[in-house]
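give me coordinates for this.
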Amino acid sequence: MKNFDVIIIGGSYAGLSAAMALGRSLRKVLIIDSSLPCNRSTPHSHNFLTRDGERPVIIAEKAKGEVLAYDTVTFRNGVAISGRKVKNGFEIVTGEGETWYGKKLIFATGIKDISPDIPGFSECWGISVIHCPYCHGYEFGGRKTGIIANGDKAFHLVSLVRNLTPNPVIFTSGPATFTADQMALLKKYDIKVREEKIIEIVHDKGWVTHIITGDGTRTDFEALYAALPFEQHCNIPVALGCTLTEHGYLRVDALHKTSVNGVYACGDNVGMVRSVANAVAGGNMTGAMVNAELAREEFS
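Prediction:
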């Protein structure tokens with residue numbers, strides 16, 4: 001079977017959640033996924049009811065098993081490399097040479113973090129170099145913590161982190177870009193700002209022990225937050241004409257519709273809240289909205 005009601009590109013939490021909503025409505029659904037989620041190195045997932053502290057891969061495996069119990073849902077390992085509008089829907093081509101057709105598309109493809117060229121950073125990313133106080137902050141509470149960011153991003157992060165750990169240190173990797181008011185607050189709460197570059201993160205199997213800066217100084221840390229630039233993990237939505245927000249996320253409305261009719265998106269690619277719980281919630285809503293649109297088209 002090559003024709004589906006819905007093709008979901010990306011089969012992690014958001015994509016699987018959308019597929020469940022559609023499968024329960026007896027929609028023929030194809031999920032295409034590379035099986036390389038962005039949190040694959042993260043040892044534990046938090047802030048998700050009933051699964052707090054569980055390994056992300058375990059949550060995903062259980063979710064996949066539950067979704068594929070609905071016999072109208074099909075899962076294919078692969079990478080979607082191109083897509084185009086065709087009569088009555090869309091055509092998707094994968095890197096494995098397969099071509100699929102769907103009336104509607106859902107992109108749950110996430111974003112790709114652009115890591116700095118710092119030895120040790122990638123090895124620690126998702127383990128002790130972390131992105132979110134809500135996902136990881138409790139476990140690192142009270143430990144010596146650094147923040148790799150500048151300007152508004154650093155200021156926002158430190159406002160959250162200082163509630164979890166005393167005296168976090170901000171590393172701006174160059175001249176600080178805080179406003180005068182922001183700098184005054186940082187000084188008020190005795191938060192140090194260091195402008196020297198980090199040249200190495202020393203770790204033990206992904207767990208930070210200390211950092212080395214350009215002047216040769218060694219400073220002990222147990223955790224580092226990092227606000228990274230990113231790009232969309234999949235370029236097909238933009239190629240189809242979907243617009244991006246000023247921050248680089250896919251622009252969607254309250255129903256998770258993109259600017260292209262018949263194309264929806266959910267998960268990390270549409271907003272800055274990166275968590276399993278948010279992805280599942282967004283996917284569930286998206287699946288329901290796509291089913292509603294199909295129902296309206298059929299019941300007319």
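
what bridges to the residue nearest to residue 228 when sequence neighbours are not counted?
By the measure of C-beta to C-beta, 6 or more residues apart in numbering, the closest residue to residue 228 outside its immediate chain neighbours is residue 113, 4.6 Å from it. Just so you know, the C-beta spots here come from the backbone N, C-alpha and C atoms, and that holds for glycine as well. Beta bridges link residue 113 to residue 230, judged by DSSP bridges.

what's the spacing between residue 113 and residue 82?
Residue 113 sits at a distance of 24 Å from residue 82 (criterion: C-beta to C-beta, to the nearest Å).

also residue 66?
31 Å.

what comes up buried for the helix ranked longest in the chain?
If you go by DSSP state H, the chain has its longest helix at helix 276-298. Buried residues in helix 276-298, defined by neighbour count with 16 or more other C-beta atoms under 10 Å: 276-291, 293-294.

which residues touch it?
5-6, 12-22, 25, 27, 45, 47-49, 51, 56, 59, 103-104, 106, 108, 255-257, 264-268, 270-271 (C-beta atoms under 8 Å, 6 or more residues apart in numbering).

also stretch 199-209?
For stretch 199-209, contacts defined as C-beta under 8 Å, 6+ apart pick out 41, 118-121, 123-124, 127-129, 210-214, 220-224.

can you list contacts of the helix or strand that contains residue 8?
Assigned by DSSP states H and E, residue 8 belongs to strand 3-9. With contact meaning C-beta under 8 Å, 6+ apart, strand 3-9 is reached by 15, 18-19, 22, 27-33, 74, 80, 90, 92, 100-109, 234, 236, 290, 294.

again, only using 6 Å
15, 18-19, 22, 27-32, 80, 92, 100-107, 109, 290 (C-beta atoms under 6 Å, 6 or more residues apart in numbering).

what separates the most centrally placed residue in the chain from residue 10, distance-wise?
By C-alpha atoms, centre = their mean, the chain has its centre lying nearest to residue 268, at 3.7 Å. Distance, residue 268 to residue 10, by C-beta to C-beta: 9 Å.

now do the shared contacts for those two.
In contact with both residue 268 and residue 10: no residue, using C-beta under 6 Å, 6+ apart.

what about residue 203, helix or strand, and which?
According to DSSP H and E, residue 203 maps onto strand 198-204.

how far is the strand or helix carrying residue 146 from where the chain is centred?
Using DSSP H and E, residue 146 sits in strand 145-148. From the chain centre to the centre of strand 145-148 is a distance of 20 Å (C-alpha atoms, centre = their mean, to the nearest Å).

state the mean pLDDT of the next helix or strand after that strand.
Of the helices and strands lying after strand 145-148 in sequence (DSSP H and E), the nearest is helix 151-161. Mean pLDDT, helix 151-161: 95.

each with direction, which strands does the strand holding residue 203 pair with?
Strand pairing (DSSP bridges) places strand 198-204 next to strand 207-213 (antiparallel).

I figured residue 241 hits residue 260, correct?
Yes - counting by C-beta atoms under 6 Å, residue 241 touches residue 260, with 5.0 Å between them.

quick one, which of the two is more surrounded?
Set side by side, residue 241 and residue 260 show more neighbours around residue 260, with 16 against 12, by other C-beta atoms under 10 Å.

so the more buried one sits in a helix?
No - with DSSP: H, G, I helix; E, B strand; the rest coil as the criterion, residue 260 is coil rather than part of a helix.
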